[in-house]
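[1] pasting a predicted model and its sequence here:
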Amino acid sequence: MIIKSYPNINRKPLYNFHTQRHEYRLPVLDPRNWYSVNRNHDLPPYLKNENFHIQSIESLKDNQFDDIICYVLEKKYSEISEDKQTDTFTRIWISPEQGFRFVKFETQEPNKTDGTLINTRVTISHQKFGEIWFPKICTTETSRIDTDGKKHTFHSAIVTKDFKLNHPVPPKTFTVDIPDDAIIQVNDRELSKAEFLQRHKQN
């Protein structure tokens, strides 16, 4: 996969607008999520607001099999549904040597439909380009166990082959035709169509 900071100008950008509220979460492997967690929240305020605590220090292997010393932060909580309590957790591995990037993320939570546990593990290998640690390989593994005991595991991976930083973006690239009844949400704030267009310098 080639990562650039702008879409192909020969391809019409895709936009999603909705007339009703809905929860939207980017896929774990989406490159827009590689520097943030949990619905694009930056890592430091997310860890503070969600009461994460350092549990241990571990050594992980990167894609070159070199050791990476990491702080392991954890948050445990319980979810109760249909009179059933399920213990869940989220763990994040952070590397001080790699600009305090998170290099591993693991969460366990119950399926909203039937309550079976779903475990998701994300691992990111970084490579240094100049002074910047940039994600090189990102893999995810999701597993769940059905009520009959059958286990399902899904694997995905993205490899960064090339990328550009601070590349100039042609204004016409992000020209948006917005429906009049669209609900526009930017950083947890709702904007009208006029406010959105003014904020993004569109007429």
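    Looks like it came in fine.

[2] what's the burial count for the closest residue to Asp146 other than its chain neighbours?
    Leaving aside its sequence neighbours, Asp146 sits nearest to Thr116 (Cβ to Cβ, 6 or more residues apart in numbering; 6.2 Å). Placement of C-beta: from N, CA and C, glycine included. Close neighbours of Thr116, defined as other Cβ atoms under 10 Å, add up to 14.

[3] quick one: secondary structure of Lys128?
    Here Lys128 takes the strand state, with states given by DSSP: H, G, I helix; E, B strand; the rest coil.

[4] that one: what's it in contact with?
    Lys128 sits next to Gln98, Phe134 when contact means Cβ atoms under 8 Å, 6 or more residues apart in numbering.

[5] what's opposite it in the beta bridge?
    Assessed by DSSP bridges, Lys128 has beta-bridge partners Trp133.

[6] now for Phe154, how many residues are close by?
    Applying other Cβ under 10 Å, we find 10 other residues in the vicinity of Phe154.

[7] gap between the nearest residue to it once chain neighbours are set aside and Tyr71?
    Distance criterion Cβ to Cβ, 6+ apart; nearest residue to Phe154, sequence neighbours excluded, is Thr142 at 4.7 Å. Thr142 sits 24 Å away from Tyr71, taking Cβ to Cβ, to the nearest Å as the criterion.

[8] same thing with Ile92?
    9 Å.

[9] the more surrounded of those two?
    Taking other Cβ under 10 Å, Ile92 and Tyr71 do not tie; Ile92 has more neighbours (23 against 17).

[10] and the more buried one, what element?
    Ile92 is part of strand 84-95 when elements are defined by DSSP states H and E.

[11] neighbouring strands for that strand, and are they parallel or not?
    Next to strand 84-95 in the sheet, as set by DSSP bridges, lie strand 67-81 (antiparallel), strand 101-110 (antiparallel).

[12] if we go by neighbour counts, what in it is buried?
    Residues Thr86, Thr90, Arg91, Ile92, Trp93, Ile94, Ser95 are the ones in strand 84-95 that count as buried (16 or more other Cβ atoms under 10 Å).

[13] same question, stretch 103-121
    Val103, Lys104, Phe105, Glu106, Thr107, Gln108, Glu109, Pro110, Ile118, Thr120, Arg121.

[14] check stretch 51-70 too.
    For stretch 51-70, burial by neighbour count (16+ other Cβ under 10 Å) applies to Phe52, Leu60, Asp62, Ile68, Cys70.
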